[in-house]
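Visitor: please find the sequence and the predicted model below.
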Amino acid sequence: MAPSVPRTRAAAALRMKQIAFDNQDRTIRRLSAQLATERRRLAATKKELEETRVALETSHKVIAGLTEIGLSMSKKVERMKVKKHQVRANHVECHQKFQARIHEAEDSMQAQHLLIEALVDEKDSLLQTIHGLQEANNAPAPFDGDWEEEPEEEPKEEEIEDIPLGEGEIDDE
């Protein structure tokens, strides 16, 4: 039996080595599969990261473009505010000049009306003086009593309204 024992031990040792070898082989295959899965996951993550980078660059470009548009619009709004202020100032100035002309015309009309009244009074006074002189000289009246005085026409004063500031349109073309 002695020769068979070494065979059994040798077979057992060989069998143990075979089992260990099989276990290592399964471990290697399992680890290879895990490595392949991790590589696929890493590739997917790299692809996702690249897509995110591209999307981020695109969004930065869009943001830069929108910022430029916003700044341009802000400048336009400021220019429009300045122009609106200038238009309003010009409107106020024109309104004041127009009001001054209206008051000047009203003053002139009042002065002319007073002058006309003074001339009418002077005419009446002269007519009375002429009539008194003719009676004193017993001269026949050059007017045969059918003297018709022309009715005094009061000049029609056109009512010129003050135009309220801020109404009306100004066309600066």
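Guide: That came through fine.
Visitor: quick one: which helix or strand includes the residue sitting nearest the centre point of the chain?
Guide: By C-alpha atoms, centre = their mean, the chain has its centre lying nearest to residue 77, at 5.4 Å. Secondary structure from DSSP states H and E places residue 77 in helix 4-136.
Visitor: and that helix, what does it pack onto?
Guide: Packing partners of helix 4-136 (3 or more C-beta pairs under 8 Å, 6 or more residues apart in numbering; DSSP states H and E): none among the helices and strands. Every residue, glycine included, has its C-beta placed from N, CA and C.
Visitor: and residue 127, how many neighbours does it have?
Guide: Residues contacting residue 127 under the criterion other C-beta atoms under 10 Å number 13.
Visitor: how about the contacts made by it?
Guide: Neighbour list for residue 127: empty [criterion: C-beta atoms under 8 Å, 6 or more residues apart in numbering].
Visitor: that one and residue 121, how far apart?
Guide: Distance of residue 127 to residue 121, computed by C-beta to C-beta, to the nearest Å: 11 Å.
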